[in-house]
Every structure is written in C-alpha cells, then in structure tokens.
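A.B. asks: Give me a model of this one.
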Amino acid sequence: MSSLSILSRRYRSAILLGLAATIAFHLPPFDLAARANGKIFDLWSRLRAPDAPADILIVSLEDPAWFPTLADIAHRGHSRLLVSTLAQPPTPLVNEWSLGPTELVLGNQLLRRTDWRKGGHLWFETQPDGVVRQDATFIGDVDRLPSLGFAAATALAARDDEPGAERWVRFFAADSFARLSPDDVLAAPGRLAHSVVIAGRSEPSYATPLGSLPARDLLAHIVAGYREGIEIRTSLMGTAAAWLLASLGLVATPASPRRLARWRSALPAAGAGGVLALSAAAFYGASLWIPPAAPLVLLLVGGALIAVRPRRQGGKRDAAANLDEARGALADGDLDRAWRLYRGMPPTAMLRDELYELGHALQHSDSFEQAADTFHRIAVVDAHFRDVAQRLVAATRTESPQVQEAPQIRGAALATIGRYEILATIGQGSTGKVFLGRDPKINRLLAIKVIDLTAEFETADLVDAADRFRREAETAGRLNHPNIVTVFDIGEAQGLAYIAMEYLKGRHLSDFAEGDALLPPQLVLELAAQTADALHYAHAQNVVHRDIKPANIMYDSVSGSLKITDFGIARLIDVSRTRTGIVLGTPSFMAPEQLEGRNVNGHTDLFALGVSVYQLLTGRLPFRGASMTKLMFVIANEPHQPITKVRQDLPEQSDALIDTALAKDPVNRFQSGAEMADALRAVAAHMG
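C.D. replies: Numbers count the residues shown, from 1 in each chain. Okay, here's the model as predicted:
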C-alpha cells in the first residue's frame with residue numbers, strides 16, 4: 001500500500017481533527033491563538049533583548065509643574081528632542097524642538113485633544129490578554145494621526161515608511177534606559193546635552209512583555225525601536241513557511257517507513273521544534289514576527305492522534321482493566337483510589353449507580369470536594385437521577401445531605417425560569433437566590449442567579465430596573481477570562497431577573513478566611529494574583545466589580561481553578577439601596593472613596609482585593625469597628641496593623657505589599673491589576 005493511500009485512509013480523520021482544533025483555536029470569545037502567540041512573543045522579547053540607546057533618557061516627572069523647568073534646562077543644554085507624555089506643554093512652547101501627545105487617553109478609552117500642537121496620539125492598544133505589544137503607527141482613515149513614538153522618531157531622522165504596516169514593539173533590556181529624577185537633572189544638567197529626553201509621570205502603567213511599565217517608559221521603547229529601525233514587522237511569507245513546515249511534519253508522520261514506526265510519534269514534536277526555531281530565527285535575525293501557535297496546534301493535535309491510533313484496541317483493553325480496578329477499590333473501601341480511577345473515565349448512564357455509590361461514600365466520609373466532583377459527573381449525564389442534584393449542592397457546601405425543600409421564590413415553588421429547569425437551591429446571597437439549573441437543549445448544568453426586582457425596586461421603576469439589569473449583565477457577559485465566571489444567558493419575566501452562568505463546584509474563599517481553615521500563604525498569594533490578573537482584564541474593558549471579597553471568589557481545589565463571580569450585580573443593587581440610605585457593598589472591604597460616595601474605579605477593586613488578601617492570610621480583617629460609623633472612620637483615617645505583626649511567619653516584603661494595596665489615597669495604590677499581580681507573585685517567591 002502506498003504512502004498516499006495510508007495517508008488518505010488511515011489518517012484522514014486525524015488530520016481533519018487537527019485542522020478543526022486549529023480553527024477552534026482562533027474562534028472567539030477565548031481567542032486562544034492570539035493569547036498563545038502573545039506569550040511566545042513575550043518570551044522572544046525577553047530572551048535576547050538589546051540594550052537601549054545610551055542617548056535616550058527617561059525623566060520622572062511626578063510633579064507636572066516642574067515640566068517647564070525641565071524644558072528650559074533641556075533647551076539651553078542643546079538636547080536633541082524633548083518628548084512628553086503629559087497633557088500640558090511647557091510655556092513657552094518650542095514647536096521645532098519639543099513634542100507631546102496631541103491626542104491622549106484621559107481616564108477611559110476615548111482619545112481627547114490636548115494643548116500640544118505638534119506630536120501624535122498617545123494610545124496603546126491592548127491585546128486580548130491586556131498586554132501592549134504593538135504600536136498603532138497611524139490612526140484615522142482620512143487625516144492620519146501618527147503615534148507619538150513614530151512622530152518623535154521622524155523628527156529625529158526622516159523616514160520613508162508605510163503608514164498601513166502592522167508593527168510590533170521591539171522591547172529593549174529591562175532597566176537599560178538611563179532614568180533621571182528632577183534632582184539628577186539639577187545636579188548634572190549637562191547629561192541632557194545631545195540626548196533625546198522622554199518625560200512623564202509613573203502612572204498610568206501598562207502591561208507589557210517586560211511587566212508593568214509607565215507610559216513614559218513604554219514610549220521610550222517605541223521611540224528607540226523606530227529610530228534604530230528594529231521594530232518588529234509581520235511577514236506573510238514567513239507565516240506561510242511556518243504553515244508549510246507544520247504541514248510537512250504532519251504528512252511525514254503517517255508516510256514514514258514501517259521500520260521507523262517507533263519514531264513516528266517524535267516527528268510532530270520535531271516539526272513543532274522547527275516551527276518555534278523558525279519563529280525565533282526570524283525574530284532575532286530579521287526583526288520579523290511569525291506567529292507559531294496555530295501551526296503548533298495543527299502539528300501537535302493531528303500528530304498525536306496519528307501516533308496513538310494504532311494503539312486504539314489496546315486502549316480499550318486498558319479501559320476495561322481500569323474499570324475492574326476501580327470497582328475493586330470501591331468494594332474494598334479505598335475511596336480515594338476509586339475516585340481517581342473513575343475520574344479518568346468518561347461518565348456514562350451505565351456508570352450512574354457506581355458513581356452514586358462512590359459519591360455517597362465520599363460524602364459520608366467528609367471528602368466533600370471529591371463527592372461534589374463525583375455527583376457533578378452524574379448530573380452531567382442525568383440531572384434527575386435519584387437525588388443527585390441535592391447531594392451535589394450539599395457536597396459543594398461541605399455539609400451532610402439532608403432533606404431539602406423544593407426551590408422557592410416569593411414563597412412559591414420555582415420549577416423553571418426561562419427555558420431552564422430548576423433542580424435545587426444553591427444558596428441565598430445578598431443580591432438574590434442562586435439555583436442549580438439545567439439547560440434541556442444541551443443538557444448542561446448551570447448556576448442560575450434570580451433577583452426579585454419587585455423586592456428591590458418600586459413598581460414605577462421596574463421597567464427601568466429591568467433595562468439596567470440587562471445592560472449590567474450584558475456588560476459582565478462580555479468578559480471572557482479564565483478567572484471570571486462565564487455568563488451564558490440573561491432574561492427577565494414577571495419581575496424576576498435571572499442570569500444563567502457556568503456552575504462552579506468549588507468553595508467561596510470566605511470558607512478559608514478564619515481559624516484552622518486558612519490556606520497555605522503561597523497558595524493565597526497565587527490565587528490573589530490570578531484575581532488581580534482578571535481584574536486587570538476587566539478594568540481594561542471599563543468594567544469595575546465594586547464588591548470584591550472572598551465570598552465572591554470561588555476556588556476548586558480539585559481542578560485548581562479560580563473564578564470571580566457577581567460582576568455587574570453590585571451596581572444594579574446599589575442603585576436601589578442608595579435610595580433608602582443603606583450602605584452599599586460590603587463595608588469591611590470598601591475603599592475610603594467608595595464609603596464617601598465618590599466614583600469608584602479599578603483602584604477600588606484593588607483595595608478590596610488587598611483587604612481580602614489580609615483576611616485570607618491572617619484570619620482577621622485589617623479594619624474593624626464596633627459600629628458602622630466607627631468602621632467607616634477607621635477605614636478612612638486609621639492605619640492597619642502591619643501584617644507581619646499579626647502573622648510573623650510571613651516575609652517582610654508582605655508589609656510593603658499590603659501597605660500599597662490599602663493606601664488611603666488611590667494614587668498611592670497599585671495602578672493596575674497587572675502591577676498588583678506581579679507584586680503578589682514576587683512576595684510568594686520569597687516564601688520558596
């Protein structure tokens with residue numbers, strides 16, 4: 001039989017599945033291809049980053065009032081160019097010599113005009129993971145406005161450029177730019193001679209392949225890349241070469257001679273290495289970006305299916321042996337081993353009774369997380385099997401099974417809402433009831449939060465409340481992040497609003513916030529870092545949570561997953577409660593500006609996360625008061641006790657972390673979720 005015949009008959013399905021996986025890799029909302037390519041780009045950027053040009057200086061201007069002084073010193077000292085990220089130019093303005101942002105992002109994603117008459121836009125577009133990797137060289141269809149970085153490079157040396165070309169930023173070695181303070185400039189003004197001076201404040205900051213960078217530092221990388229001619233461009237030919245290499249590796253796997261069959265599984269891996277090597281060589285040798293993620297998926301998925309196909313029959317025998325072993329472990333009472341074996345098998349209707357027996361035994365032995373996982377597997381197959389829905393909820397709550405009333409709301413039984421079946425009551429939260437539900441169209445388990453709008457709003461306000469609920473829920477539903485609960489559907493009927501979202505088997509972090517239940521410190525810091533990453537993503541979409549606390553963060557120790565819940569719900573309920581004078585949110589976790597009724601933003605969420613970290617590490621809150629009035633006064637005015645005084649086994653870096661997170665003034669806090677995540681992981685590294 002020819003190699004072509006082998007390829008067409010025995011391996012066609014594997015190749016088609018590989019292509020299907022590659023296509024799915026690019027589909028929204030997850031956009032995994034862009035995220036994976038971004039991580040590889042970050043790796044290439046860090047591994048062999050060039051040193052920054054010595055004549056590009058960064059001057060920190062925390063006090064914008066000092067900018068005219070800097071401009072005068074730089075002008076008299078014959079600096080080549082002064083580039084500023086500040087919205088206001090110095091007075092007098094020397095147009096031929098200084099540049100600034102003619103359009104600037106001020107407080108949100110909208111570009112606004114400034115007083116600068118010469119320069120370009122200062123807008124950094126983030127990719128799906130919230131990281132800046134590209135510079136929009138020009139924006140606008142008719143009157144093209146250059147980026148400030150490109151305008152500065154053009155002022156330094158004329159460029160013959162393609163306005164429509166897509167450019168990725170070539171980042172220079174971390175801390176290789178010379179940085180000066182105002183005191184440094186006053187002490188040695190001659191350092192500015194014949195230099196390019198880039199001046200600005202340390203905030204706002206942006207996530208980059210090198211970590212969180214202020215706008216001025218990010219601008220320095222962009223200017224240097226343009227001026228040195230080493231910005232990264234995409235290459236259609238290079239991308240085609242990567243796909244060709246992946247295709248050849250995939251075709252070579254089944255077409256390899258029979259005597260090389262034992263090495264067949266290594267061919268896709270070798271092809272993957274070739275694709276990565278091609279991408280790296282193009283990046284370092286020709287300043288070209290060849291995204292390797294999609295060709296790698298085609299190679300690895302298709303190649304893996306091809307490599308394992310000849311052993312399919314043996315796999316069936318292994319499955320039968322595993323089932324016998326699992327049944328034996330269950331009969332012997334070795335529940336942990338039985339759970340691990342059953343968990344490796346796909347749940348089917350034939351296994352319902354065995355899995356139910358296992359889950360029942362795990363629940364009575366207080367192995368609640370394993371029991372919840374087992375009952376969940378049954379419910380996915382048959383949500384109406386015996387009392388599996390009630391047992392799933394009980395195991396998730398870590399309590400013994402007991403007789404539960406039928407799900408109710410407004411004192412009446414609730415069997416369905418929208419198209420969803422209501423199976424059991426999960427819990428009563430501050431913003432409504434949560435039920436375990438099932439979508440009969442696709443047999444998917446869901447968590448369904450139901451809010452009785454008639455209990456929160458006056459009759460005359462119900463229509464407006466329903467519209468506001470829909471807008472808030474739709475905003476939350478657009479958030480697609482692995483650490484944010486996924487919203488599948490929203491609806492409203494007869495004054496009942498509902499949100500259908502993914503069902504989470506884990507436990508609220510509030511279950512680990514006191515006494516002997518505290519989690520290991522390194523785990524707490526990593527979970528908090530994942531939360532900060534998710535908040536960074538949400539804040540980039542102009543979505544603020546408003547009620548971050550351990551009770552709104554779910555953690556599943558079985559899978560290791562973490563999810564933030566209730567995005568957008570706090571704002572809806574806040575609107576009704578402010579009318580009656582009730583304090584919004586959860587006061588112990590609220591920032592001073594939130595207690596004072598001022599506008600909240602991302603800094604408010606990060607303050608609440610800092611309170612949560614303090615509580616999860618120590619089992620106590622950083623701010624306490626005998627009354628609501630006293631608590632609000634303490635949060636707004638009094639310092640917290642250093643965390644290392646409460647828990648002495650924490651490293652001293654923990655104090656600086658908490659001090660920054662709980663700063664009274666938002667300006668002194670972490671300026672982004674990414675910055676806070678980096679700080680959390682840095683402290684965790686000192687515990688290793």
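
A.B. asks: residue contacts, the closest residue to Gln641 other than its chain neighbours?
C.D. replies: Nearest-residue entry for Gln641: Pro622, 7.0 Å, with adjacent residues in sequence omitted and distances by Cβ to Cβ, 6 or more residues apart in numbering. All C-beta atoms are positioned from the backbone trio N, CA, C, and that covers glycine. Pro622 makes contacts with Val611, Tyr614, Gln615, His640, Gln641, Ile643, Ile658, Leu662, as judged by Cβ atoms under 8 Å, 6 or more residues apart in numbering.

A.B. asks: I figured the fourth one hits Arg620, correct?
C.D. replies: No: under the criterion of Cβ atoms under 8 Å, His640 is not in contact with Arg620, lying 10.3 Å apart.

A.B. asks: which residues are common contacts for those two?
C.D. replies: Tyr614.

A.B. asks: Could you check which of the two has the larger neighbour count?
C.D. replies: His640 (20 against 13; other Cβ atoms under 10 Å).

A.B. asks: just to revisit the earlier point, closest to Ala52 among the contacts of Pro622?
C.D. replies: Set against Ala52, the nearest of these by Cβ to Cβ is Ile658 (33.5 Å).

A.B. asks: which residues touch the closest one?
C.D. replies: By Cβ under 8 Å, 6+ apart, the residues touching Ile658 are Gly610, Val613, Tyr614, Pro622, His640, Pro642, Ile643.

A.B. asks: Count the neighbours of Tyr206 for me.
C.D. replies: By other Cβ under 10 Å, 20 other residues sit near Tyr206.

A.B. asks: While we're on it, how confident is the model there?
C.D. replies: Note for Tyr206: predicted pLDDT of 92.

A.B. asks: That one should be in a strand, yeah?
C.D. replies: Yes: using DSSP: H, G, I helix; E, B strand; the rest coil, the assignment for Tyr206 is a strand.

A.B. asks: For it, which non-adjacent residue is spatially closest?
C.D. replies: Val132 (4.9 Å).

A.B. asks: The one you found is in contact with Ser205, isn't it?
C.D. replies: No: using Cβ under 8 Å, Val132 is not in contact with Ser205, being 10.3 Å away.

A.B. asks: ok, now how distant is Ala383 from Asp516?
C.D. replies: Between Ala383 and Asp516 the computed distance is 35 Å (Cβ to Cβ, to the nearest Å).

A.B. asks: what kind of secondary structure is the nearest residue to Glu231 once chain neighbours are set aside in?
C.D. replies: Closest residue to Glu231 apart from its sequence neighbours, by Cβ to Cβ, 6+ apart: Gly225 at 4.2 Å. Under three-state DSSP, Gly225 falls in the helix class.

A.B. asks: what's around Gly225, how many residues?
C.D. replies: Using other Cβ under 10 Å, Gly225 has 25 other residues around it.

A.B. asks: What distance do you get for it to Leu219?
C.D. replies: Distance from Gly225 to Leu219, counting by Cβ to Cβ: 11 Å.

A.B. asks: Then Gly328?
C.D. replies: 66 Å.

A.B. asks: Please apply the same query to Asp143.
C.D. replies: To Leu219, Asp143 is 22 Å away according to Cβ to Cβ.

A.B. asks: higher neighbour count, the two?
C.D. replies: Each of Asp143 and Leu219 has its neighbours counted (other Cβ under 10 Å); Leu219 has more, 26 against 7.

A.B. asks: I figured the more buried one hits Thr85, correct?
C.D. replies: Yes: the pair Leu219 / Thr85 is scored as a contact, 6.0 Å apart, by Cβ under 8 Å.

A.B. asks: list residues touching both of the two?
C.D. replies: Common neighbours of Leu219 and Thr85 (Cβ under 8 Å, 6+ apart) are Leu122, Leu148, Ile198, Gly200.

A.B. asks: per-residue confidence at the last one?
C.D. replies: Yep, that's Gly200 we're talking about. Gly200 is assigned a pLDDT of 94 by the prediction.

A.B. asks: Tell me which of Ala383 and Asp516 has more neighbours.
C.D. replies: Neighbour count, other Cβ under 10 Å: between Ala383 and Asp516, Ala383 has more, with 21 against 5.

A.B. asks: Now do the same for the closest residue to that one other than its chain neighbours: helix, strand or coil?
C.D. replies: Of all residues not flanking Ala383 in the chain, Arg438 sits nearest, at 4.6 Å (Cβ to Cβ, 6+ apart). Secondary structure for Arg438, judged by three-state DSSP, is strand.

A.B. asks: Can you show me the strands along the stretch 201-350 of the chain?
C.D. replies: Residue ranges of the strands in the stretch 201-350 of the chain, as given by DSSP state E, counting those that start in this stretch, are 205-208, 211-214, 232-234, 288-289.

A.B. asks: What residues sit buried inside stretch 647-655?
C.D. replies: Using 16 or more other Cβ atoms under 10 Å as the test for burial, stretch 647-655 gives Arg647, Leu650, Gln653, Ser654.

A.B. asks: Convert the C-alpha atoms of that stretch to PDB, please.
C.D. replies: Output of stretch 647-655 as PDB, limited to C-alpha atoms (Å, rounded to 0.1, in the frame of the first residue of the first chain):
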ATOM      1  CA  ARG A 647       1.400  36.600  61.300                       C
ATOM      2  CA  GLN A 648       5.100  36.600  62.000                       C
ATOM      3  CA  ASP A 649       6.000  33.700  59.600                       C
ATOM      4  CA  LEU A 650       5.300  36.000  56.600                       C
ATOM      5  CA  PRO A 651       8.300  37.600  54.800                       C
ATOM      6  CA  GLU A 652       8.900  41.300  55.500                       C
ATOM      7  CA  GLN A 653       8.000  42.100  51.800                       C
ATOM      8  CA  SER A 654       4.400  41.300  52.800                       C
ATOM      9  CA  ASP A 655       4.100  44.600  54.700                       C
END
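
A.B. asks: low pLDDT regions in the stretch 51-200 of the chain?
C.D. replies: Along the stretch 51-200 of the chain, segments meeting pLDDT under 70 span 94-96, 106-109, 142, 158-166.
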